[in-house]
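Q: Take a look and give me a structure for this.
(chains A and B)
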Amino acid sequence: MNNREEFLKKIRATFKIEATEGIANITSNLIELEKKPPEAKQAQLIEAIFREAHSLKGAARAVNITEIETICQAMESVFSALKNKTIALDSRLFDLFHLTVNTLSNILEVADQEIPETLKGRVTTLSINLLKVEAGEINEVELPEPASPPEAQPFTINDGKHPDDKLPQQLQQDHHQQPQQAHRYQPTDQPQKAEASRKTIQVSPAVKHDETIRISVEKLDNLLFQSEEMLALKQTFDHVGEGLRATVKKLNSWSYEASEVSLKMEDYVEWTSSLVKTVEADLEKLRKFSMMEAYNSGAKIESLLDEVKKMISVPVSTILDVFPKAARDMSKDKGKEVSVAIRGEEIEVDRRILEEIRNPLMHLLRNCVDHGIEKPQIRKQKNKPEKGLIQLIIDRMENNMVEITIADDGAGIDMDKLMKRYLKQEKIPASEASGIKEQTLLNYIFKSGISTSDMITDLSGRGLGLAIVQEKIEQLGGSVSVKTTAGKGTEFRIQIPLALVTFRGVRVLLGEREYIVPTSKIDRVLRLDKSAVKTVENKETIPYNGEVISLVHLSDLLEMPFKESEGTHILALVFCSLDEPIGFAVDEILDEEVVLVKKFNNQLKRVRNVAGATVLGSGKVIPILNVSDLLKSAVKETSQRVREKRTEKEKEMNTILVVEDSITSRMLLKNILETAGYKVSTAIDGVEGYTKLKEEPFDLIVSDVDMPRMNGFDMTAKIRSDKALAELPIVLVTSLSKKEDRERGMEVGANAYIVKSSFDQSNLLEVVERLL
Amino acid sequence: MEPEDEIVKIDPVRKKKILKQRAALYAKAPEKEINKGVQVEGLEFLLTEERYIIDTTLVVEVIPLKELTPLPCSPPFILGIINVRGKILSVINLKTFLTLPEKGITNLNRVIILKRSDIELGILVDEVIGKVSFFSDQLKTSLPTIKGNQKEYLVGVTEDRSIVFNIEKFLTGRNIIVDEEV
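A: Next up, the predicted model:
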């Protein structure tokens, strides 16, 4: 690509941003204008549209997109005429105006490539018609069929990057453009007389803008990312402080012990204790300093993060601005009439959250238009205004949440139909229908595959949408609920956090692995005697709030090797759930922390039961569990399987110690042995291995040879010289394959010697089995 | 002005002859380079005693593996997740991914971080040998010893019998993407 092309590409990108904004402004002004506001306001709006068209024209000329320039030119002339009152504002004009704006967007979409002939044709038709309007020949206007499909963006879970979107949309457009039918305006009422509306035009006071500067979203995101990292730094300080505290404590106990030692060593003891005291004092000073620093830097970092978060917070209106227009297009397509009222759009929310809920909101809007609002004639019969009303109300709530309500004044959800669907899909006999709560039914509409609409339309009605809406909102740490009144309307309430980033999580232990569960999702933590677990119909159950609920093992859901929990009690988390509460057994609950959510990149688009990960102050990476997934998994997980697995593994387990310095080899050996049904502990070198042997009994050792501190040969020799351990079977696994090495291994007393390069699972297991 | 004088002095027939000879000389490309094709830079690493070469342009860095957190409910080829300067990346076991026999254990402890647009991940290897260059036309493309899914990602085998692995195809393929509903 040569410089000129590159330059053109660059300025076109800038133009695209600018033009999108301009088009959005024109659209919202048009919508306002169509509501027939008072004269003075009308004049302001006309002026604003005129200006936007004018500047867009200039910008289009600069980047050499003649189509946009032509249309804007015509648009500008019409609004200039409206401004000067040489023509009057006629309500019939709005379809033409909206079509013009749609066409502008269409051109913009394809502006990077060759503009298709059909689109060019439309540009010509539109500008001719606009010129007719300008000349006052409004009855001559011929309106081409609307060309753009109403906001038919496919609705999906991922973050809106759809390389495939473009194509079908363009095809659709072309398809719509083919029929060149035109319909002629029927003169219904007399054109308004221009004089009638001539009054004093109030000059709008100049709006004072805060000084702003355009920064790319990417740069802001990077800044946020860096600032978030600072939070980890603070956690590190805390961690260091804790470490120092523990060290001081150890020294304390040592100096205490030292003072007890016999008098003979008096001098030595005195010297030591004074030295220890100095070290203690130094450490204490360091600890205080580190804690102080953690506190100070923490405060600074948090205020920095707050500022950065403010930077990426934008008013909700940035995504809602298109809604009135979208609703207009959708309802027109359905032969319905709808107006949209928005309240609270100035409330600011994290841009990333807004981006994520744009599609869910659009889907709910579509739902309102499609299923909620009735056709005008039906509304008339029901004594409702012919024009339906959809209200979007945004409210700030406590604890940094925002509530968005989408309410329509339509027919409401048909509960009878929903009941029938529910009974059929869940295979419940009709006789039990009376026992089903209304809330259960309403929650049911969020399950995939449910729609009360008999006809599947291209907009919604496939039933899948609401399930995805719910999933998306829950992913953001929010919730959604629905209320409906027959004949009066339906109301969706969405609660989402104002900002992403951190949340409180409970750290739990399963086997040797740690996981984080969002605190907000935990209803209760139960500590029960093992005898409280009763098996009912092959399912484990526990008592909870006077009821009996099922108990599942979190380690089973996470597909971890089974281990019988020791001790006389079980710990279970009960998650907040709309349906039945379920208990999730864990081995241990460690603590509660404020954690920073790290999302995975697109390679791990969606991992079952895992929402992301976090990094602790110690640098340890811990997965964050996805509670709504777990609830689903728990229902799926058949108790049958759990039981089978248990009985199979209940045979007596031999314990094996794996000593290996390489983390992957260690994990591999551990996995192989655990899968074969052994209980496995690990150590990272000979010293640790030998220490572990002293602490607890093992039935066998599998060890590497080449390790730091104490190698496998030395460890084997040491074990053999220890009377208590002399008989312990030892398998050496090593990359050293020389004959001398093998001989050395046998010499120090190893029972078997496996060479890594010829290693495979079966031969290790065979050797282990033989030695036990 | 001197060169011009010189040219004038040369007899036109002879001049033409010299120029022709020179032209012929320039027009002839060195034989070896034509045969060998384009020279490519790659990163060579060791995986279970086999040497692999990948395109360096998609390699971000090579880091030692210190800690690895297992990721539940993920496919077997994902060994776990790691934290690389604040980003959480998954570490892939190429052997499992390529369904190569799990024979021999090695001290896998280097992670090659790869990135292509919005996909970023690490692959675990035994040892990174270093940068190498080879000629694309010198590769052998079919070998009977290639096992499992290796074939699909094989560009060819160099004279030194290193396997040139199509890392671009690996990173753009659907196979490495985890996208599972409950």
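Q: Flag the shaky bits of chain B, pLDDT-wise.
A: Counting by pLDDT under 70, chain B contains low-confidence ranges at B:1-8, B:29-36, B:86, B:101-108, B:142-149.
Q: which residues in chain B form strands?
A: With strands called from DSSP state E, chain B shows them at B:39-47, B:50-55, B:59-64, B:78-84, B:87-92, B:110-116, B:119-125, B:127-135, B:154-157, B:163-165, B:178-179.
Q: anything in the fifth one near chain A?
A: Yes. Residues of strand B:87-92 are located near chain A by C-beta under 8 Å from any C-beta of the partner chain, namely B:87-90. C-beta: built from backbone N, CA, C; applies to glycine.
Q: Then the fourth one?
A: Yes. Counting by C-beta under 8 Å from any C-beta, chain A is contacted by strand B:78-84 at B:78-79, B:81-83.
Q: Check the third one too.
A: No. Residues of strand B:59-64 contacting chain A under C-beta under 8 Å from any C-beta: none, with a closest distance of 10.0 Å.
Q: which SS class is A:Ala13?
A: At A:Ala13, secondary structure determined by DSSP: H, G, I helix; E, B strand; the rest coil is helix.
Q: distance of it from A:Val63?
A: 10 Å (C-beta to C-beta, to the nearest Å).
Q: These two: which is more packed in?
A: Taking neighbours as other C-beta atoms under 10 Å in any protein chain shown, A:Ala13 and A:Val63 compare with A:Val63 leading, 19 against 12.
Q: what about the nearest residue to that one once chain neighbours are set aside, neighbour count?
A: In space, and not counting its chain neighbours, A:Val63 is closest to A:Phe15: 4.6 Å by C-beta to C-beta, 6 or more residues apart in numbering or on different chains. A count of neighbours around A:Phe15, defined by other C-beta under 10 Å, yields 21.
Q: show me what contacts A:Phe15?
A: Contacts here follow C-beta atoms under 8 Å, 6 or more residues apart in numbering or on different chains; on that basis A:Phe15 touches A:59-60, A:62-63, A:65.
Q: nearest to chain A, of the residues of strand B:78-84 next to chain A?
A: Among these, B:Asn83 lies closest to chain A (C-beta to the nearest C-beta), at 4.9 Å.
Q: Quick check, the closest one in contact with A:Ile622.
A: No. The pair B:Asn83 / A:Ile622 is not scored as a contact, 10.1 Å apart, by C-beta atoms under 8 Å.
Q: any idea how far chain B is from the nearest residue to A:Met311 once chain neighbours are set aside?
A: In space, and not counting its chain neighbours, A:Met311 is closest to A:Leu220: 6.0 Å by C-beta to C-beta, 6+ apart. Using C-beta to the nearest C-beta, to the nearest Å, A:Leu220 is found at 17 Å from chain B.
Q: A:Leu220 falls within a helix, correct?
A: Yes. Counting by three-state DSSP, A:Leu220 is part of a helix.
Q: pLDDT score for it?
A: pLDDT recorded at A:Leu220 is 79.
Q: Confirm for me that it is in contact with A:Lys310.
A: No. Using C-beta under 8 Å, A:Leu220 is not in contact with A:Lys310; the gap is 11.0 Å.
Q: any idea which helix or strand carries A:Arg504?
A: Per DSSP states H and E, A:Arg504 falls inside strand A:502-510.
Q: mind checking pLDDT for the residue nearest to A:Ser255 when sequence neighbours are not counted?
A: In this structure, A:Ser255 finds its nearest non-sequential neighbour in A:Val276, 4.4 Å apart by C-beta to C-beta, 6+ apart. pLDDT for A:Val276: 80.
Q: mind checking how far A:Val276 is from A:Asp282?
A: According to C-beta to C-beta, A:Val276 and A:Asp282 sit 11 Å apart.
Q: and those two? which has more neighbours close in?
A: More crowded of A:Val276 and A:Asp282, by other C-beta under 10 Å: A:Val276, with 17 against 11.
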